[in-house]
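Peer 1: Build the 3D model from these lines:
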Amino acid sequence: MNRAELKQAAKSQIKGKIGILFVITLIIGLVSAAAGMLLAVIPVVGPLIAAIIITPAFSLSLMRVYLNLAAGNGVDAKDAFCGFDDFWSAFKVTFLVGLFTFLWTLLLVVPGIIKSYSYSMSMYILAENKGKPALECINESKAMTNGHKMDLFVLDLSFIGWGLLCFITFGIAAIWVTPYMQATYTNAYKSLKPATVEQ
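Peer 2: Coordinates of the predicted model:
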């Protein structure tokens with residue numbers, strides 16, 4: 001997994017597509033906020049219900065959008081909702097990944113962080129395999145990231161400077177930085193995928 005190559009590929013994939021990617025992100029943000037406001041009438045649990053219902057499906061949508069970009073395919077604003085056709089699978093993956101990570105974190109913070117990288121490819125796997133059982137997605141992610149968790153951690157660290165740029169520009173830079181990061185992570189998934197196939 002070569003970080004420079006992953007990032008260079010990401011720059012090529014998002015070139016000329018920042019506008020539509022921003023629109024997709026904006027749609028997701030607005031719909032999520034609207035759902036949160038509508039359900040806010042339910043004390044305490046309202047916003048939580050909105051997050052549980054909407055966030056997993058939107059996460060799956062984003063995985064599919066960037067996988068399409070990595071494959072050289074076009075994307076459209078309606079793709080913001082493409083994850084809802086497998087809502088239940090997305091919910092199960094999100095729930096189990098969150099649960100397992102939380103349980104490992106109860107032991108110590110570091111094991112929780114390590115396991116979060118182990119599970120990090122689960123939603124990508126679901127995005128390419130509609131309806132795949134959640135535990136299978138998680139187990140394949142664990143196999144895929146075996147021996148590469150430090151690579152993924154260092155990849156995260158390499159974006160610290162970009163995060164600071166977003167901060168000092170009051171989020172304006174995120175219009176480009178967020179797609180750049182997401183495309184890079186998607187390329188990391190694609191680069192690790194053959195290792196799982198070989199196993």
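Peer 1: Helices of the chain, residue ranges please.
Peer 2: In the chain, the segments counted as helices under DSSP state H are 3-14, 18-39, 45-70, 87-107, 109-118, 122-128, 134-145, 149-157, 160-168, 174-198.
Peer 1: So for the last one, mean pLDDT?
Peer 2: Helix 174-198 carries an average pLDDT of 86.
Peer 1: Run the chain-centre distance for the helix or strand of the chain with the lowest mean pLDDT.
Peer 2: The helix or strand of the chain with the poorest confidence is helix 174-198; it has a mean of 86 (mean pLDDT, DSSP states H and E). Taking Cα atoms, centre = their mean, to the nearest Å, one finds helix 174-198 lying 9 Å from the centre of the chain it belongs to.
Peer 1: do you know which of the helices of the chain lies nearest Asp79?
Peer 2: helix 45-70 (5.1 Å; Cβ to Cβ). (Each C-beta comes from the backbone N, C-alpha and C, glycine too.)
Peer 1: Comparing the helices of the chain, which stretch has the densest surroundings?
Peer 2: helix 122-128 (a mean of 24; mean count of other Cβ atoms under 10 Å).
Peer 1: What lies in contact with that one?
Peer 2: For helix 122-128, contacts defined as Cβ atoms under 8 Å, 6 or more residues apart in numbering pick out 59-60, 63-64, 67, 83, 86, 89-90, 93-94, 97, 132, 134, 137-138, 140-141, 144, 186, 189.
Peer 1: just to revisit the earlier point, would you reformat the helices of the chain as TSV and include distance to Ala77?
Peer 2: TSV is the format used below for these (distance: least, Cβ to Cβ, whole Å):
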stretch	distance to Ala77
helix 3-14	16
helix 18-39	5
helix 45-70	10
helix 87-107	19
helix 109-118	31
helix 122-128	18
helix 134-145	27
helix 149-157	29
helix 160-168	23
helix 174-198	14
